[in-house]
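Enquirer: sharing a sequence plus its predicted fold:
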Amino acid sequence: MHNITFADKSLVCQPDETLLQAFLRENIEIPNSCHQGACQSCLMQSLDNPPPASAQNGLKDSLQAQKYFLACLCRPEQSMTVALPNTSNNLFVAHVVKKEPLNPDIVRVVMQCQPDFKFFAGQFVNIHHPVSGVSRSYSIANVPKQDNQIEFHIRRLNNGYFSNWVHDDLTPGTELAISSAQGSCHYVPGKAQQPMLFIGTGSGLAPLYSIILDALNQGHQGDIHLYHGSTVFDGLYLVQELRAMAAGFSNFHYHPCVSSELGNPNIKIGRAHDIALQEISDLRSWRVYLCGHPEMVKQTKRTAFLYGASLKEIYADPFYSSQPKS
Amino acid sequence: MTASLYEQIGGEAAVNAAVDIFYRKVLADHRINRFFDGVDMDQQAAKQKAFFTMAFGGPNNYSGTDMRNAHARLVQMGLDGSHFNAVMENLAATMQELNVPSDLIAQAAAIAESTRTDVLGK
């Protein structure tokens, strides 16, 4: 028997029942449907002790690393404090320490965080506007560091309330509130030889850059291919840094792609995802990370799966602009 | 007691292998892949896992009403018996690819066939 804490409630899970059964017995409503680990409706996260491995059957390994599990498969082996996904309301204070242009449309914003802010490379946070309180999701573009600084690549959108404010008015010294880090698109160690494909458009490079740095820091051995796409050459950024990384790591391959501008040597002509899947068309045993325009992400996910990548090995992070967010 | 169909086919590991192969087949099948446009692929794979678990005679909570409701939108898009037959073909081909013995394929196919009227909203 183990004590389970959920929100402000506490219950005891009996040896002969799953956590979901214990919740239902106590009339605590959580989403549930198939009760056999297939539908994943009852996805929960342990906030302290790791859940039993058997309760993580079928989940992506990045979710497993974040201690997510299925309540219907969970026979607790120790006490746990659990939560439903993305219900953490913790806000952290961050101070802007630097803002600099990366290209005509994208600025790099560096923030100093509190030491208790933790993240996996590739996750995102919601940044809150200090006056209106409006928030937007932005991917963290660096890896966790001792100095607790995090950086973002923020692209100016036409009529974008938040991004125009960042570009025009945000100054170093400003104090902002940010959410806890979210998302399951990140590097998971343990398959150091696995080849990995990264495809991103625009500022979709941010989380990919972070994940690639993380993978290389953790000694990833397999080939890592990055296809970064933009309509015009000026839309690419971090080109020098990425070329330097490719020179320094023989397993890292950088492919900048431009879809509607000719005549630049060393740049591939075409859409990044088209070029990537022409050049690498057998994705069996690959891990694939996609980030950027939602249509590109959706289409490429499907193609990558048809080309042999397992769905569990495809990590997609579509960038929706604010309107459709519910 | 003889092993159940689900155990004979290979249980959850067989289901996982089948979903990957089957889903790729239906997405590549021009007769039916339009019905899968715009769906969330991870959710769809989870549903197919539940479907295979049922077809393989495993534990399931599917009711006829669930099947009806889940496919009503597709029936409006024109889903008919020919599409159901195409799915049955892909199902059999998937099991053949996994070297499931033909008598077990027949049993699983019969379970899947039993959902026809509910899936097609007849």
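Expert: Everything's here; your move. Residues are numbered from 1 along each chain as shown, chains lettered A, B, ... in the order given.

Enquirer: secondary structure of A:N49: a helix, I assume?
Expert: No: looking at A:N49 with DSSP: H, G, I helix; E, B strand; the rest coil, it is coil, so not inside a helix.

Enquirer: hmm, it is touching A:F69, no?
Expert: No: between A:N49 and A:F69 there is no contact under C-beta atoms under 8 Å: 11.1 Å. Placement of C-beta: from N, CA and C, glycine included.

Enquirer: looking at those two, which is more packed in?
Expert: More neighbours surround A:F69 than the other of A:N49 and A:F69, with 27 against 14 (other C-beta atoms under 10 Å in any protein chain shown).

Enquirer: element containing that one, please.
Expert: Per DSSP states H and E: A:F69 is located in strand A:68-70.

Enquirer: what's the spacing between B:A14 and B:E7?
Expert: 10 Å (C-beta to C-beta, to the nearest Å).

Enquirer: cool, A:L213 as well?
Expert: From A:L213 to B:E7 the distance is 46 Å (C-beta to C-beta).

Enquirer: got it, and B:D20?
Expert: Remark: distance between B:D20 and B:E7 (C-beta to C-beta) = 21 Å.

Enquirer: ok, now A:S132?
Expert: 59 Å.

Enquirer: quick one: which of the two has more around it?
Expert: B:E7 (13 against 10).

Enquirer: residues touching that one, list them.
Expert: Contacts for B:E7 were tallied using C-beta atoms under 8 Å, 6 or more residues apart in numbering or on different chains; there are none.

Enquirer: ok so it is a helix residue?
Expert: Yes: applying three-state DSSP, one finds B:E7 inside a helix.

Enquirer: host element of A:L226?
Expert: Per DSSP H and E, A:L226 falls inside strand A:224-230.

Enquirer: and that strand, what does it pack against?
Expert: Applying 3 or more C-beta pairs under 8 Å, 6 or more residues apart in numbering or on different chains; DSSP states H and E, we find strand A:224-230 packed against strand A:196-201, helix A:205-217, strand A:252-258, helix A:272-279.

Enquirer: now the ones you listed as CSV including mean neighbour count, distance to A:V288 and mean pLDDT?
Expert: Shown next, in CSV, are the helices and strands packed on strand A:224-230 (neighbours: other C-beta atoms under 10 Å in any protein chain shown; distance: least, C-beta to C-beta, whole Å; pLDDT from 0 to 100):
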stretch, mean neighbour count, distance to A:V288, mean pLDDT
strand A:196-201, 27, 5, 97
helix A:205-217, 24, 11, 96
strand A:252-258, 20, 14, 97
helix A:272-279, 20, 9, 96
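
Enquirer: closest to chain B out of these?
Expert: Nearest to chain B among these is helix A:272-279 (14.8 Å), distances taken as C-beta to the nearest C-beta.

Enquirer: run a quick neighbour tally on the residue of the stretch 101-250 of chain A found nearest chain B.
Expert: Per C-beta to the nearest C-beta, A:S184 is where the stretch 101-250 of chain A lies closest to chain B, at 10.6 Å. By other C-beta under 10 Å, 20 other residues sit near A:S184.

Enquirer: just give the nearest non-adjacent residue to the closest residue to chain B within the stretch 201-326 of chain A, would you?
Expert: Among all residues of the stretch 201-326 of chain A, A:L311 sits closest to chain B, at 5.2 Å; criterion: C-beta to the nearest C-beta. The shortest distance from A:L311 to any non-neighbouring residue, by C-beta to C-beta, 6 or more residues apart in numbering or on different chains, is to B:A45 (5.2 Å).

Enquirer: can you check A:D48 too?
Expert: Per C-beta to C-beta, 6+ apart, closest to A:D48 is A:T81, 4.9 Å.

Enquirer: so who does the closest residue to chain A within chain B touch?
Expert: Nearest residue of chain B to chain A: B:A50, at 4.0 Å (C-beta to the nearest C-beta). Residues in contact with B:A50 (C-beta under 8 Å, 6+ apart) are A:C34, A:Q36, A:A38, A:C39, B:N60, B:Y62.

Enquirer: A:R302 now?
Expert: Contacts of A:R302 by C-beta under 8 Å, 6+ apart are B:L27, B:M41.

Enquirer: point out the residues in chain B that sit beside chain A.
Expert: Residues of chain B lying near chain A by C-beta under 8 Å from any C-beta of the partner chain: B:12, B:16, B:20, B:23-24, B:27-28, B:41-42, B:45-47, B:49-50, B:53, B:58-61.
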